[in-house]
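*Asks:* What would the 3D arrangement of this be:
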Amino acid sequence: METTETTNQQTGFWYSEWAFALFVAMISAGIFAGTHMYYVYHVGAFNDIAIVAMLQAGIEGGSYGPAAAFGASFLFARVLEGPLVGILDIGGALQTGVGIGIPAILLGMGVTAPLSSFPLALLTGAVIGLIIGAVIVLIRKFTFSENQSTFGADVMMGAGNASGRYLGPLIVISATMASIPVGIGSILGAAIFYAWKKPIAGGAVLGAMVLGALFPILTK
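*Replies:* Below you'll find the model as predicted:
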């Protein structure tokens, strides 16, 4: 009876995989709309002043490379980190990646409509968020393959850059749960970065990715 109730609870809205993608889409839509506000009215961006300054430099001078590279690299790293750690960094992945990196790429390509129109900005942000949420859920589903896992509900959102430095041990534990080679790679990477006096979270992720590529996780 207790098992049946637990199963029913895990099939509810808060445990559904699409709910996670929906929340990421809603947050991304708001952040992208904030960037639209900044592009049109010069207020409203959801980022630090220094990061917004890179986008402003592109708007004034036409060089969107720094903002695009900075934001896109954050987005790529955080999307890979999210499924492994179980935490999606809103600051790095969504505020910096979706709010600065992707708009800078679009503006650099001469695509201004998603930044000039408020409804189109909401739609663009929502689509980007849905893609990010789906990618994270799929990566977690096809790597961890836990029978009792609800995948989307396993990923929290909210850690920032300041707290990210403390995620190293959690990354190592998650990588070890995925497979032994991936766990060994994560430990070696963390040890190298610790000796190098760098945040061990980066080394753990890179080590897990390297040995994960050499020894892929077999799924059912």
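
*Asks:* A191: neighbouring residues, count only.
*Replies:* By the criterion of other CB atoms under 10 Å, A191 has 15 neighbours. For the C-beta atoms, the positions are set from N, CA and C on the backbone; glycine is no exception.

*Asks:* where's it relative to V172, distance?
*Replies:* With the distance defined as CB to CB, to the nearest Å, A191 ends up 10 Å from V172.

*Asks:* again, but for K198
*Replies:* K198 sits 15 Å away from V172, going by CB to CB.

*Asks:* Show me which of the two is the more surrounded one.
*Replies:* Counted by other CB under 10 Å, K198 and V172 do not tie: V172 has more neighbours, with 24 against 13.

*Asks:* hey, where'd the strands end up in this structure?
*Replies:* For the chain, the strands defined by DSSP state E cover 87-88, 156-157.

*Asks:* rank the ones you listed by pLDDT, which is bottom?
*Replies:* When the strands of the chain are ranked by mean pLDDT, strand 156-157 comes last with a mean of 54.

*Asks:* so where's the longest helix in this protein?
*Replies:* Counting residues, the longest helix found in the chain (DSSP state H) is helix 118-144.

*Asks:* And that one, how far out from the chain middle?
*Replies:* Relative to the chain's own centre, helix 118-144 is displaced by 9 Å; criterion: CA atoms, centre = their mean, to the nearest Å.

*Asks:* Which strands and helices lie in contact with it?
*Replies:* helix 17-41, helix 65-85, helix 113-116, helix 168-178 (3 or more CB pairs under 8 Å, 6 or more residues apart in numbering; DSSP states H and E).

*Asks:* contacting residues for the closest residue to G58 other than its chain neighbours?
*Replies:* Using CB to CB, 6 or more residues apart in numbering and skipping residues adjacent in sequence, the residue nearest G58 is Y64, 3.7 Å away. Shown in contact with Y64 (CB atoms under 8 Å, 6 or more residues apart in numbering): L55, G58, A104, I105, L107, G108.

*Asks:* which one is the first one nearest to, not counting chain neighbours?
*Replies:* I take that to be L55. Here the residue nearest L55, using CB to CB, 6+ apart, is A67, at 4.6 Å.

*Asks:* Find me the pLDDT at the one you found, would you?
*Replies:* For A67, pLDDT reads 87.

*Asks:* right, and it touches M54 too?
*Replies:* Yes. Counting by CB atoms under 8 Å, M54 is a contact partner of A67 at 4.0 Å.

*Asks:* residues shared between the contacts of those two?
*Replies:* I100, A104.

*Asks:* out of these two, which sits in the more crowded spot?
*Replies:* A67 (26 against 21).

*Asks:* any idea how far the more buried one is from V52?
*Replies:* 9 Å.

*Asks:* and for the two, which residues touch both?
*Replies:* Common contact partners of A67 and V52 (CB under 8 Å, 6+ apart): I100.

*Asks:* looking at the protein, which helix or strand does the model trust least?
*Replies:* The weakest-scoring helix or strand in the chain, judged by mean pLDDT, DSSP states H and E, is helix 2-9 (a mean of 50).

*Asks:* Spit out the contact partners of L123.
*Replies:* The contact partners of L123, by CB under 8 Å, 6+ apart, come to A29.

*Asks:* Cool, thanks, signing off.
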